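Chemist: Predicted model, plus sequence, below.
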Amino acid sequence: MRALVVDDEPDARLPIVRLLERRGWEVEQAGDGEGCLETCERSRPLAIVLDYKLPTMSGIEVASRLRETGYRGFIVLYSAYLTPAIEDDAKDLGAVAVAKPDLDQLFDLLAELVQGNGEGKLTK
Amino acid sequence: MSASEGRLHQALAELAEVQAMLEQERLERTGVEALFEELLQAMSDAFLFTDPAGRIRRSNRSAQHLLGMSEADLTGRFVEEVAGPGLPARIWDILEGGSESQTAVREIEVHRATGDRVAVSLAAAVVRDDNGKIIGAVYSLRDLSVTQKLLSDLGAAEARWHLLAQVSEDLNSGLDPRDQLDVVAGRVTEATACTCAIALVHGNMGKRWDSVFATNDPLGYRIRSELVGTRPAGAIGAVLGREEPIVAPVCAPDFPLLGGESSAGIGSACVVPLRARERTIGVMLLASEQQSRVGGSVVEVAVQVASKVAIAIDRGDLHHEVSRLEAVQEGDRLRGELFSAVTHETLTPLSAVRSIARALVEEASSESDHELAQALTRQSDRLYALVQDFLDFNRLEEGRPPSVEMRPLDLRAPLSKGVAAFAQNREIDVAIPDDLPEVFADADRIQQIVGNLVSNAVRYSPPDSPVSVSAQVAGRYVEVSVSDRGSGMRPEELARVFERFYRGSQEGKTSGTGMGLYVSKALAESMGGRIWAQSKPREGTTFTISLPTAGLRKEERA
């Protein structure tokens, strides 16, 4: 059960990585969109936790590129800058938006998705 | 010489003396006569002198002018012949008409040579010589048409003055002069017998008649309902673009006074722009259904009242604007105070978090815990520096310098903490010689400044470009530099980089508050140091702070 955590701030990634590891995930990290696409290509994680504000492209752009490259896993847009428009864009890409820093909601959602109960949240 | 001869000489001498006296008296009498004549001619009242029979013997210029006849024409005629039957023609008429030898003053009409008649006030008196013998009569006539015009002019001036005083009082009686415009319109109507309307436009050369105030009469009502809410048009609209009034003493039925296709039943009107401080805020209209009713003095009244109204409204608006700004300023001040107080309150828990983070770093039993504790330290340091920036900024705004706690200090710890807190995911190349002398400074402040400089370098340079921090000795100072390979700054940007809220050409592209460098400069100077920036477009920017070494400070104190 592999996850990829994408955030340009290492200190912001760290607690997510640690807590996911405690929940049985094998976690990889990336600091920007390019790193995310590259790691995803290589290790095909089950879930990607994606920050919205990234250095060169936004989380939505990264999600869109991920879908274009045929990635079918779970994408969770985890950001402090969510707007209804971003949430709609996320839904269009089959992704779920979670407001930073609600870690409980993030982990609950990932657990549901893994158990196959959260599929409904990935479509409009 | 015989005695008789002597007496003769004396008599002659006495006679000559008397003659001289007589001559002197005659001269004096002539002088008086000339003066009297001059006065008589200069009098604005008309004077006629008659002989006992009633024939005119003398007249002054005013009399000749009043009656329209020359002196020669008048002399020798009977008074009633030239002035009509209104005058007491004979001595006995005068004696009969009043007490003693003169008449009471009364108003009569005199006939002029041209045939028309003039109202005059008349006084007549009998003239006697020293012995009481009647030698003639004198008539004094004052042209009342002149007096009446003077009196009516005086009345009009007084009435206008009264109107303007009342209007001023009305306009100043409340907070908003607009509330008084109905009253003002009523007063103008009372004084001029014309309907008065005051129409205001809103804002800058407004699009519509915003509010219309008018006399409470049928024409006033009609004008108001025609104008309210419509776009300014016609003569009344044209006045908005002028400084001078438009006067229409005769309005043709198709004259578009109010903007419609007819004159709206108005026979005469004038429209005066309401101008204050080079702008037109509306118009004042005086109108009457009668033609030629509006003109002359009515226009003058309108212009004077309009000027008072315009100034009062403008002053009211200014007053309103000033109060609004004061309220905004007060709101800003309170918000600033509240924000500052709240921020101050965060310092206590934040300091506790920093201490706990430090304790966790020491207590951590595993590498993994240690890593988390380090992250916590970095982020709480970063938050602490941001809060400090804000509090320092507020102090500077209040004119107080930042507070610093100076002591001899090894720069390495605060430099690496400042770098760590703001490095984010950038690799920062830190080159600090091990034998760097101690400086005399405040550790938290050094951390704050370096944090600000690193944060800046990271934000204003590409994600994969290097950022370096170095320190070197320069005389009895230590210089710490933070360099990036970003886009650099043009000289004009460089000159302003330490200004408060200055964000340069990158504003909007990067985050930041615009407080960091401004506060850093004040902090460096509070510690006896300096800060400066060097930059080249497309090559990058280097910020340097120079701090006195502890040794220098010791020397200075010694």
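Modeler: Looks like it arrived, so ask away.
Chemist: Tell me who's in contact with B:Ala364.
Modeler: B:His370, B:Leu372, B:Ala373 (Cβ atoms under 8 Å, 6 or more residues apart in numbering or on different chains). For the C-beta atoms, the positions are set from N, CA and C on the backbone; glycine is no exception.
Chemist: Wasn't the first one part of a strand?
Modeler: No - looking at B:His370 with DSSP: H, G, I helix; E, B strand; the rest coil, it is helix, so not inside a strand.
Chemist: That one reaches B:Ala357, doesn't it?
Modeler: No - taking contacts as Cβ atoms under 8 Å, B:His370 lies outside contact range of B:Ala357: 11.6 Å.
Chemist: higher neighbour count, those two?
Modeler: Shown here are B:His370 and B:Ala357; by other Cβ atoms under 10 Å in any protein chain shown, B:Ala357 has more neighbours (19 against 15).
Chemist: do you know how far that one is from chain A?
Modeler: Remark: distance between B:Ala357 and chain A (Cβ to the nearest Cβ, to the nearest Å) = 11 Å.
Chemist: give me every residue that touches the residue nearest the centre of chain A.
Modeler: What sits nearest the mean C-alpha location of chain A, by Cα atoms, centre = their mean, is A:Val49, with 2.1 Å. Contact analysis of A:Val49 by Cβ under 8 Å, 6+ apart lists A:Ala3, A:Leu4, A:Val5, A:Val6, A:Ile16, A:Leu20, A:Val76, A:Tyr78, A:Leu106, A:Leu110.
Chemist: Assign it to helix, strand or coil.
Modeler: Here A:Val49 is recorded as strand under three-state DSSP.
Chemist: any idea of the pLDDT on it?
Modeler: Note on A:Val49: pLDDT of 95.
Chemist: need the contact list for the closest residue to B:Leu144 other than its chain neighbours.
Modeler: The shortest distance from B:Leu144 to any residue other than its chain neighbours is 4.2 Å, reached at B:Ala119 (Cβ to Cβ, 6 or more residues apart in numbering or on different chains). Counting by Cβ under 8 Å, 6+ apart, B:Ala119 makes contact with B:Glu107, B:Ile108, B:Glu109, B:Asp143, B:Leu144, B:Ser145, B:Gln148.
Chemist: In a helix, the third one, correct?
Modeler: Translated: B:Glu109. No - according to three-state DSSP, the state of B:Glu109 is strand, so it is not within a helix.
Chemist: hey, what's it bridged with?
Modeler: B:Ala119 (DSSP bridges).
Chemist: who touches it in this structure?
Modeler: Per Cβ under 8 Å, 6+ apart, neighbours of B:Glu109: B:Gly84, B:Gly86, B:Arg117, B:Val118, B:Ala119, B:Val120.
Chemist: Please pick the buried ones from the residues you listed.
Modeler: B:Gly84, B:Gly86, B:Val118, B:Val120 (16 or more other Cβ atoms under 10 Å in any protein chain shown).
Chemist: Nearest to chain A among those?
Modeler: Comparing the buried ones among the contacts of B:Glu109 against chain A with Cβ to the nearest Cβ places B:Val118 closest, at 92.9 Å.
Chemist: so who does that closest one touch?
Modeler: B:Leu66, B:Glu109, B:Val110, B:Arg112, B:Asp143, B:Leu144, B:Ser145.
Chemist: One more pass at 7 Å, please.
Modeler: B:Leu66, B:Glu109, B:Val110, B:Arg112, B:Asp143, B:Ser145 (Cβ atoms under 7 Å, 6 or more residues apart in numbering or on different chains).
Chemist: what about the lowest-mean-pLDDT helix or strand in chain A, near chain B?
Modeler: Lowest on mean pLDDT, DSSP states H and E among the helices and strands of chain A sits helix A:103-114, with a mean of 88. No - for helix A:103-114, no contact with chain B is found by Cβ under 7 Å from any Cβ of the partner chain; the gap never falls below 13.7 Å.
Chemist: and chain A, which residues reach chain B?
Modeler: A:Asp8, A:Glu9, A:Pro10, A:Asp11, A:Leu14, A:Pro15, A:Arg18, A:Gly31, A:Asp32, A:Pro55, A:Thr56.
Chemist: In helices, which of the residues you listed fall?
Modeler: A:Pro10, A:Asp11, A:Leu14, A:Pro15, A:Arg18 (DSSP state H).
Chemist: Who are the contact partners of the fourth one?
Modeler: In this case it means A:Pro15. Counting by Cβ under 7 Å, 6+ apart, A:Pro15 touches B:Leu372.
Chemist: ok, which stretches of the stretch 351-500 of chain B are strands?
Modeler: B:407-409, B:428-431, B:439-441, B:467-474, B:477-484 (DSSP state E, counting those that start in this stretch).
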